[in-house]
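In: Okay, sequence plus prediction incoming.
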Number of protein chains: 2
Amino acid sequence: MMRFDGNAAAHEVAEGLKKRVANIKRPLRLAMISVGENSVTRSFMKKKEEFGLVIGVGTRIYSVPESASTTAMRKKIAEVVHIKQNTAVIIQLPLPAHMQPDYLVNAVPAAKDADVLSSRAIGDYTMGRGVIVPPVVGAIEYILAKAECDISGKNIVVLGAGRLVGRPVSLWLTKNQAVYTLIGKETPDMEERLKSADLVISGVGKPGLITAKMLKKGAVVIDAGTAESHGKVVGDVDPIGIENVASLYTPVPGGVGPLTVAMVFRNLVALAEQKK
Amino acid sequence: MMRFDGNAAAHEVAEGLKKRVANIKRPLRLAMISVGENSVTRSFMKKKEEFGLVIGVGTRIYSVPESASTTAMRKKIAEVVHIKQNTAVIIQLPLPAHMQPDYLVNAVPAAKDADVLSSRAIGDYTMGRGVIVPPVVGAIEYILAKAECDISGKNIVVLGAGRLVGRPVSLWLTKNQAVYTLIGKETPDMEERLKSADLVISGVGKPGLITAKMLKKGAVVIDAGTAESHGKVVGDVDPIGIENVASLYTPVPGGVGPLTVAMVFRNLVALAEQKK
């Protein structure tokens, strides 16, 4: 089995981006808008800061109190996107339950939407327009290219229909006219479907959802789920015994995550290049 | 088996729309931009003219020669969308091979995009925003509601990943966290997958692609495919013997088609109501 090293892959992407950043010849910056205090969010932002530092892109965190209204948050986003120094702007999800994420992500104009979450950016991607791809899709495409795994002819199962994984992954697979099954909600025949899958992409955020015995021998298993369990970040896949079943497996942490961060910056650089 | 009567359903939708149109108290018009001469396209436009007449919405056809460049076509679209009398503007697909459809459909602003084909309109729909739905999705939702068929817990198979059926249908199913398989390209195990499907939605445009013997007893079969065969419009499903297998079947013509036309007008009316 190949255990995919997301940190090494992110490093490779960084090498390519460094040169592109140097060519742009003006300072670039990723703005992150974060609501409240959350240790997982803080650690994700820290990883973005570190990646930015490596490739020469600045980062800036804008903090909004947990108690802020959707209107106040929208105002803050409008303010941040209008600052010329912010090349791209991302909103750290998830947001508190009282805020409306669909409304808020649309306050980021497509030209600064490195996370590809606004309607316009999603629509452009769906229709095959624009220079950026949803970060998780960029990460998965990179992993599959490395593994020389072609999606055509594969039996693909996607678990979860969330904003950050399931939805963009289904857009990508539909665009590519793949054959895939999306399991949006729990279904009794999940195990049966998993058992015949050549490629599994999971983004549910439920630790232990998938175990080795549910998988087909030789399956490619991409774990894009993140949850916190006993103070640690874990994925959807229980890693015990996975090496005896999967042909490729992306661990959490250290798999899809670091590469997704790299792809946010690849989007930022592509957006900056468009403005030249 | 219930053979779904799309003309009767379109008539029902028309009754509701008549009242809404009367309430708007200003003339409404659907503009159709058509390229070249094509008997199928002409018959589709005629159906829209007729439906508009029933509910009190005008229609106008703008013809563009087949030889027009993408640039000339884009110019024409910009001209048509700027005419205030055109409440909504649709581009009759398919376009000639030398024109770029993704570029052209984006020339229609979301506020006039009754076909939900522009990036912005698609993105708004994907993110659960806006008042309109892709016409084929509106039609399918209507059919399933009539049949009291709930998609949750169903094994759903979608055939085709095209702009007018497969893509919007997959967006709809993902939004609804359904469990579905999209077959974008031909796959050897299509028959096996069909055999276990409770609900089949097909939009390939390949006559005879699906036959009765491929289906599960009791399946709901929605044929949204259209092709021309020996001078007649036919769907993807071979109707021979279908009544012995399917619990609900939408024939072509007279099934999804007329209802999809009705949904284009429902979108036009919803867009007009928003402007009040």
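Out: Structure received. Keep in mind that this is a model prediction, so the values were computed, not measured. Numbering: from 1, shown residues only, chains lettered A, B, ... in the order given.
In: what residue ranges in the stretch 151-276 of chain A score low on pLDDT?
Out: Residue ranges of the stretch 151-276 of chain A with pLDDT under 70: A:276.
In: and it, which of its residues are near chain B?
Out: A:152-153, A:155, A:161, A:166-167, A:170-171, A:173-185, A:187, A:189 (C-beta under 8 Å from any C-beta of the partner chain). In this view, the C-beta of every residue, glycine as well, is placed from N, C-alpha and C.
In: List buried members of those by neighbour count.
Out: Neighbour counting with 16 or more other C-beta atoms under 10 Å in any protein chain shown marks A:155, A:161, A:166-167, A:170-171, A:173-175, A:177-184, A:187 as buried within those.
In: Who are the contact partners of A:Glu243?
Out: Going by C-beta atoms under 8 Å, 6 or more residues apart in numbering or on different chains, A:Glu243 touches A:1, A:3, A:249.
In: Now the second one. Nearest residue, chain neighbours left out?
Out: Spelled out, it's A:Arg3. Closest residue in space to A:Arg3, ignoring its immediate chain neighbours: A:Tyr249 at 5.7 Å, by C-beta to C-beta, 6 or more residues apart in numbering or on different chains.
In: In three-state terms, how would the one you found be classified?
Out: The three-state assignment at A:Tyr249 reads strand, by DSSP: H, G, I helix; E, B strand; the rest coil.
In: for A:Trp172, same thing?
Out: helix.
In: Make sure it is actually in contact with A:Gly138.
Out: No - here A:Trp172 does not reach A:Gly138: they are 9.5 Å apart, not a contact under C-beta atoms under 8 Å.
In: The residue nearest to A:Arg3 reaches A:Val221, doesn't it?
Out: Yes - between A:Tyr249 and A:Val221 there is a contact at 4.8 Å, judged by C-beta under 8 Å.
In: More neighbours: the two, which one.
Out: Higher neighbour count among A:Tyr249 and A:Val221: A:Val221, with 29 against 24, using other C-beta atoms under 10 Å in any protein chain shown.
In: Assumed that one was part of a strand.
Out: Yes - checked against three-state DSSP, A:Val221 lies within a strand.
In: on that earlier part again, contacts only, for the residue nearest to A:Arg3.
Out: By C-beta under 8 Å, 6+ apart, the residues touching A:Tyr249 are A:1-4, A:221, A:223, A:237, A:239, A:242-243, A:255.
In: now these in CSV, with secondary structure?
Out: Below are the contacts of A:Tyr249 laid out as CSV (three-state DSSP):
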residue, secondary structure
A:Met1, coil
A:Met2, strand
A:Arg3, strand
A:Phe4, coil
A:Val221, strand
A:Asp223, strand
A:Val237, strand
A:Pro239, coil
A:Ile242, helix
A:Glu243, helix
A:Gly255, coil
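In: now the residues you listed: which count as buried?
Out: Buried members of the contacts of A:Tyr249, counted by 16+ other C-beta under 10 Å: A:4, A:221, A:223, A:237, A:239, A:242, A:255.
In: hey, where'd the strands end up in chain A?
Out: In chain A, the strands defined using DSSP state E lie at A:2-3, A:29-35, A:58-64, A:88-91, A:156-159, A:179-183, A:199-202, A:220-223, A:227-229, A:232-234, A:248-250.
In: How about A:Gly241, nearest residue that isn't a chain neighbour?
Out: Residue nearest to A:Gly241 in three dimensions, not counting chain neighbours: A:Ala212, with 3.8 Å by C-beta to C-beta, 6+ apart.
In: ok, now how distant is the one you found from chain B?
Out: 23 Å (C-beta to the nearest C-beta, to the nearest Å).
In: Run a quick neighbour tally on that residue.
Out: A:Ala212 has 18 nearby residues by other C-beta under 10 Å.
In: I figured it hits A:Ala219, correct?
Out: No - assessed by C-beta under 8 Å, A:Ala212 is found out of contact with A:Ala219, at 9.9 Å.
In: Identify the contacts common to those two.
Out: Counting by C-beta under 8 Å, 6+ apart, the shared contacts of A:Ala212 and A:Ala219 are A:245-246.
In: which ones are touching A:Gly241?
Out: Each residue near A:Gly241 by C-beta under 8 Å, 6+ apart is listed here: A:211-213.
In: switch the cut-off to 10 Å
Out: By C-beta atoms under 10 Å, 6 or more residues apart in numbering or on different chains, the contact list for A:Gly241 reads A:211-213, A:215.
In: Can you show me the helices along the stretch 101-250 of chain A?
Out: Along the stretch 101-250 of chain A, counting by DSSP state H, counting those that start in this stretch, helices occupy A:101-105, A:119-126, A:135-146, A:166-175, A:190-195.
In: how far does stretch A:93-112 stretch from start to finish?
Out: Start and end residues of stretch A:93-112 are separated by 17 Å (C-alpha to C-alpha, to the nearest Å).
In: Wondering if that stretch reaches chain B at all.
Out: Yes - contact between stretch A:93-112 and chain B is present through A:101-103, A:105-106, A:110 (criterion: C-beta under 10 Å from any C-beta of the partner chain).
In: ok, A:Ala262 - how many residues close by?
Out: Quick note: A:Ala262 (other C-beta under 10 Å) scores 29 neighbours.
In: Hmm, I typed the wrong one, I wanted A:Tyr103.
Out: 14.
In: And the pLDDT for the nearest residue to it once chain neighbours are set aside?
Out: Distances taken as C-beta to C-beta, 6+ apart place A:Thr70 nearest to A:Tyr103, at 6.4 Å, with adjacent residues excluded. We have a pLDDT of 94 for A:Thr70.
In: Same check on A:Ala107?
Out: The model's pLDDT for A:Ala107 equals 94.
In: Same check on the one 3 residues further on?
Out: A:Ala110 carries a pLDDT value of 93.
In: Now for it: which residues touch it?
Out: A:116, A:118-125, A:129-130, A:132, A:271, B:119-120, B:123.
In: Likewise for A:Ile222?
Out: A:4, A:136, A:139-140, A:143-144, A:147, A:149, A:158, A:165, A:169, A:199-203, A:235, A:237, A:246, A:248-250, A:255-256.
In: May I have the beta-bridge partners of it?
Out: A:Ile201, A:Thr250 (DSSP bridges).
In: Give me the distance between it and A:Val256.
Out: 6 Å (C-beta to C-beta, to the nearest Å).
In: Common neighbours of those two, please.
Out: In terms of C-beta under 10 Å, 6+ apart, A:Ile222 and A:Val256 are both contacted by the residues A:4, A:136, A:139-140, A:143, A:165, A:201-203, A:235, A:250.
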